[in-house]
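K.L.:
quick one, structure for this:
(chains A and B)
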Amino acid sequence: MRRVVFSLATFIALAVVSFVGVDALPGDGCTALLGRFGTNAKIDACRQENNLNDSVVVRIKDWSGDLVRGDLGYSIKRDEQVSKIIIPRLRNTAVMAAVAALIAFPSAIVVGLLLGRYPRKRISKAINQFSVIAMTLPEFVIATVLWLVLSIWIPIFPGVSVMPSNASLLQLLPNVWLPALTLAVVIFAHSMRTMRASVTNVQNMPFVESARLRGTNERKMISRHIVPAALPPVVNVVALDGAWLLTGTFVTEAAFNFQGLGRLAIDAISDRDTALILPIILFGLAVYLVSSILADSLVRVFDPRLRSSNR
Amino acid sequence: MGRIRKVVVIFLALVTVSGALASCGRTSTVAGVLRVGNDAGFGGAETMDPYDGNRTWPTINMVFDRLIGVDKDFSPIPELALSWSSNDDLTEWTLELREGVKFHDGSEFDADDVVYSINRMIDPEFDSPILAVLGVISSVTAVSKYEVSLSLSTGEADFPLLLADYRALMTPVDSQSTIGKNPIGTGPFKMETFDPAGTTVLLANEDYFFGQPKLSKIEIITFADSQSAAQALAGDQVDLLLAIDGKSSAMFGDEAKFTLQNIPSGDWNAIDFRVDQEPFSDARVRKALRIAADRQVIADTVLGVGGGVVACDTPVWSADPYRWDGDCAKDTEGAKALLAEAGYPNGIDIDIYTSDVEVHMVELVTAYKDQVKDAGIRVTIKMADASGFWDDVWMKESAFVDSWGQRPATQVLNEVYRSTASWNPTGQVDKDLDKMLDEARSTKDQAERAKKYAQIQERLFENSAIFLPYHKTLTRAMSSKVKGVEPIVIDAVRWEKISVS
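P.N.:
The predicted model follows:
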């Protein structure tokens, strides 16, 4: 409980810092709308109309008041409610993240387990090498390779997405695959290596030795002893990677022209569309705070020692 | 264990189903439908109002028509106006309109629409970007249903070319409040769905006065960046990209599948020096800064070989009938001598601001710095943040990069170089130049006028504070199934003549 209150306080403090930070940047919604040839008179009139001349304190008050009432604000440049812009993009990114997670996490855990259990097999070594490469390659390289192979050489998936942000789920799904695969390669390598290291570590522990001496068979050994003990560190990595899937997709979305939150964030920042930048920052903050709380609670489920010490 | 197996089975089923969906989702060329890839431009603020600063291009040119168009050689040709004439002062112009032209909603186009449209363009309250082009118009009146007369505040021999601006489009009376999202034009295509951040759909206007379009539909698909747009063309998801990055052209080397067109354009980059700030107030320093560089090397470095046409500080582009081509070869000794004369015998240190606000702007300063060092000009490159560049750096710092789009000679010279121009980026006041500009635009004889414009450009090379090394050559890329796109600037392309087989 204390954890939640602390997170909430962090959230509020960071929200205020973000507002002031974004506000301090040169340019605002009006210069964004009117662009290079906007005259001073026009910009002033626009600022007046949108209350941009009020002091920072007044604007933070107005903004947070609206936020509490569920009003995310209004984008001057895009002439639209921020919620109307963000929600379809959020859905698209969430679908993409879910597909990436479904591909990457289960396979990472299984492969990591096998690699940790049978490290000497040639195939294990090969997969290990591949994961090192996958981790070091920038996303846009992975994206380009996947595009070349799965869209041009073997034309399975559409190369870049050519759909409106509010396309139906059926229209969306085909476009999700290449970006999701790109993200999956990155997080697969990451979480698989954590799992492998954790399994290697657990295998050398005395309780595994004693289980073996009791004559436990291989299947039971894995499911009862090794996996539960090896999972806690992996859960933390999965939580972090999961949060990254929702908030760190800028490059991948741009590479595939995917209409998600990451691409919107890039556009909003380059447009100085402050009304749009802030909710995206806040969403990212919330995702990280929630996922770290979630990870800690999950670790407790797996690790009886933490449960008892909490009493 | 049983539950895990179930999850795996469901997951695999999901993969198979959406894999199948994905294959269906792969679009490819359909005869009669043209898919144009377009860059985001104004990031969601786009409007179909052609007079608004956030007008979405080239869509407006598919839906609306101008009074006067331009031919391949950039001479004026009839569009909605059939003919035009002026008095001897070039201050009063009369236009005869095409009869029987219908807007997309069935109403008839006539002189009232022209009066309404031009009044919106020159409304100081609305302050349209096209006011900078057509600000010479002081009034417009309907003489009869098919005749309008325009009064200009100054004689302008090339007024028909100004009317051929891509934004000088004709809109129906009282359309101001609706035109942004529901445009009604006379053009070859009618708006079906307007979605500037996604896919905009246009359908053929079968009653188009230049003949029924060969296409049945145009889809304009928005891309966040040029790389993903190029990928879409390579993957047969779009058919036409109006401009690709020169470096992407290698992707489209397969002549059986793609057609590339290199089109000299009037777009230019420049380095501007503020004449109200030291040391650029000295004309000798300015000239030294401009003659110390090899322009061809700069163009080749920045744009790629063949990517640009060298300009001797003239904003008038290579296909413009008034273009002047001087000799502006690199002159290191001349530059050194001028600097010494101006009091800088040991060379000079200058700061130039740049930013990646537009492509080529950083490369330009880098190439320039390398070129001028032989003459003792030591450049420090100052990187400015892209988002604040136009507000905080452009026209404010002492030296900075610049970028302009194509304009006819009279327009670009009066809009950027005239002392009183609001966007005169260097603050240079040259009353003689202003007088020469007035004389040139009010000379009725074409050959005589061309001579005067040549003299103006020569003067710019002597005196200007703008180092303008090149005009860009655009690379247009399309599927080889697309026919009828002539290798000329987009303002002269006839959309109704394009077909997709």
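
K.L.:
how about residue A:118: what's its closest non-neighbour residue?
P.N.:
Distances taken as C-beta to C-beta, 6 or more residues apart in numbering or on different chains place residue A:124 nearest to residue A:118, at 5.8 Å, with adjacent residues excluded. C-beta coordinates here come from the backbone N, C-alpha and C atoms, glycine included.

K.L.:
repeat for residue B:494
P.N.:
Spatial nearest neighbour of residue B:494, chain neighbours left out: residue B:210 (7.1 Å); criterion: C-beta to C-beta, 6+ apart.

K.L.:
what does the stretch 301-450 of chain B have sitting close to chain A?
P.N.:
When proximity is defined as C-beta under 8 Å from any C-beta of the partner chain, the stretch 301-450 of chain B approaches chain A at B:385, B:386, B:387, B:388, B:390, B:391, B:392, B:394, B:422, B:423.

K.L.:
ok, the second one touching residue B:355?
P.N.:
Which is residue B:386. Yes - taking contact to mean C-beta atoms under 8 Å, the distance of 5.0 Å between residue B:386 and residue B:355 places them in contact.

K.L.:
which elements pack onto the strand or helix carrying the residue nearest to residue A:118?
P.N.:
Residue A:124 belongs to helix A:122-136 when elements are defined using DSSP states H and E. Using 3 or more C-beta pairs under 8 Å, 6 or more residues apart in numbering or on different chains; DSSP states H and E as the contact test, the elements touching helix A:122-136 are helix A:82-117, helix A:169-203.

K.L.:
what about residue 80, how many residues nearby?
P.N.:
Reading this off chain A. When neighbours are defined as other C-beta atoms under 10 Å in any protein chain shown, residue A:80 has 15 of them.

K.L.:
wrong chain, I was asking about chain B
P.N.:
Applying the criterion other C-beta under 10 Å, we find 24 residues in the vicinity of residue B:80.

K.L.:
so what are the domain limits for chain B?
P.N.:
As recorded under automatic domain parsing, the domains making up chain B are B:33-46+B:179-263+B:475-500, B:64-163, B:266-473.

K.L.:
need these in JSON lines (columns: mean pLDDT).
P.N.:
What follows is the domains of chain B, written out as JSON lines (pLDDT from 0 to 100):
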{"stretch": "domain B:33-46+B:179-263+B:475-500", "mean pLDDT": "90"}
{"stretch": "domain B:64-163", "mean pLDDT": "95"}
{"stretch": "domain B:266-473", "mean pLDDT": "93"}
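
K.L.:
which among the ones you listed is found nearest to residue A:302?
P.N.:
Judged by C-beta to C-beta, the one of the domains of chain B that comes nearest to residue A:302 is domain B:33-46+B:179-263+B:475-500, at 41.2 Å.

K.L.:
what is the burial count for the residue in the stretch 51-200 of chain B that chain A sits nearest to?
P.N.:
Closest approach between the stretch 51-200 of chain B and chain A, counting by C-beta to the nearest C-beta: residue B:198, at 2.7 Å. Residue neighbour count, defined by other C-beta under 10 Å, stands at 18 for residue B:198.

K.L.:
off-centre distance for the host helix or strand of residue A:290?
P.N.:
In this assignment (DSSP H and E), residue A:290 forms part of helix A:274-302. On the basis of C-alpha atoms, centre = their mean, to the nearest Å, the separation between the geometric centre of helix A:274-302 and that of its chain is 9 Å.

K.L.:
list the helices and strands that helix packs on?
P.N.:
With 3+ C-beta pairs under 8 Å, 6+ apart as the test, helix A:274-302 has helix A:2-24, strand A:74-75, helix A:82-117, helix A:227-247, helix A:261-271, helix A:304-310 packed against it.

K.L.:
related to what we said a few turns ago, which of residue B:386 and residue B:355 has more residues huddled nearby?
P.N.:
A count of neighbours by other C-beta under 10 Å puts residue B:355 above the other of residue B:386 and residue B:355, at 22 against 14.

K.L.:
give me phi/psi at the more buried one?
P.N.:
Its backbone dihedrals place residue B:355 at phi -170, psi 160, with angles given as degrees, to the nearest 10.

K.L.:
that one contacts residue B:389, correct?
P.N.:
Yes - here residue B:355 lies in contact with residue B:389, judged by C-beta under 8 Å, at a distance of 4.2 Å.

K.L.:
where does the residue nearest to residue B:494 land in three-state SS?
P.N.:
coil (DSSP: H, G, I helix; E, B strand; the rest coil).

K.L.:
that one and chain A, how far apart?
P.N.:
Taking C-beta to the nearest C-beta, to the nearest Å as the measure, residue B:210 and chain A are separated by 30 Å.

K.L.:
contacts only, for that residue.
P.N.:
Taking C-beta atoms under 8 Å, 6 or more residues apart in numbering or on different chains as the contact definition, residue B:210 lies against B:188, B:494, B:496.

K.L.:
among those, who's most crowded?
P.N.:
Note: the member of the contacts of residue B:210 with the most neighbours is residue B:188, at 28 neighbours, neighbours being other C-beta under 10 Å.

K.L.:
circling back to that earlier point, for the residues of the stretch 301-450 of chain B next to chain A, which two are the farthest from each other?
P.N.:
Farthest pair in those (C-beta to C-beta) is B:385 and B:422. Separation: 24.3 Å.

K.L.:
and the helix holding residue A:290, average pLDDT?
P.N.:
Across helix A:274-302, the average pLDDT comes to 87.

K.L.:
now that helix: buried residues?
P.N.:
Of the residues in helix A:274-302, A:274-289, A:291-292, A:295, A:298-299, A:302 count as buried by neighbour count, 16 or more other C-beta atoms under 10 Å in any protein chain shown.

K.L.:
what does the helix holding residue A:124 rub up against?
P.N.:
Contact partners of helix A:122-136, identified using C-beta under 8 Å, 6+ apart, comprise A:111, A:114-115, A:118-119, A:142, A:185-186, A:188-190, A:192-193, A:196.

K.L.:
so can I have JSON lines of those residues showing distance to residue B:278?
P.N.:
Formatted as JSON lines, the contacts of helix A:122-136 follow (distance: C-beta to C-beta, whole Å):
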{"residue": "A:111", "distance to residue B:278": "67"}
{"residue": "A:114", "distance to residue B:278": "72"}
{"residue": "A:115", "distance to residue B:278": "68"}
{"residue": "A:118", "distance to residue B:278": "74"}
{"residue": "A:119", "distance to residue B:278": "70"}
{"residue": "A:142", "distance to residue B:278": "51"}
{"residue": "A:185", "distance to residue B:278": "56"}
{"residue": "A:186", "distance to residue B:278": "52"}
{"residue": "A:188", "distance to residue B:278": "60"}
{"residue": "A:189", "distance to residue B:278": "57"}
{"residue": "A:190", "distance to residue B:278": "55"}
{"residue": "A:192", "distance to residue B:278": "62"}
{"residue": "A:193", "distance to residue B:278": "60"}
{"residue": "A:196", "distance to residue B:278": "65"}
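
K.L.:
farthest pair in those?
P.N.:
The span of the contacts of helix A:122-136, defined through C-beta to C-beta, is set by A:118 and A:142 at 27.0 Å.

K.L.:
looking at the two, which is more packed in?
P.N.:
When residue A:118 and residue A:142 are compared for neighbours, residue A:142 comes out ahead with 21 against 10, by other C-beta under 10 Å.

K.L.:
now the helices and strands packed on helix A:274-302 in TSV, with distance to residue A:163 and mean neighbour count?
P.N.:
As requested, these are exported to TSV (distance: least, C-beta to C-beta, whole Å; neighbours: other C-beta atoms under 10 Å in any protein chain shown):
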stretch	distance to residue A:163	mean neighbour count
helix A:2-24	29	13
strand A:74-75	21	22
helix A:82-117	9	20
helix A:227-247	20	21
helix A:261-271	12	23
helix A:304-310	45	10
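
K.L.:
rank these by pLDDT, which is bottom?
P.N.:
Mean pLDDT, when computed for each of the helices and strands packed on helix A:274-302, is lowest for helix A:304-310, at a mean of 59.

K.L.:
quick check: residues of the stretch 1-150 of chain A near chain B?
P.N.:
Residues of the stretch 1-150 of chain A found near chain B, taking C-beta under 8 Å from any C-beta as the criterion, are A:25-27, A:31, A:33-39, A:42, A:75, A:77-80, A:85, A:102, A:106, A:147.
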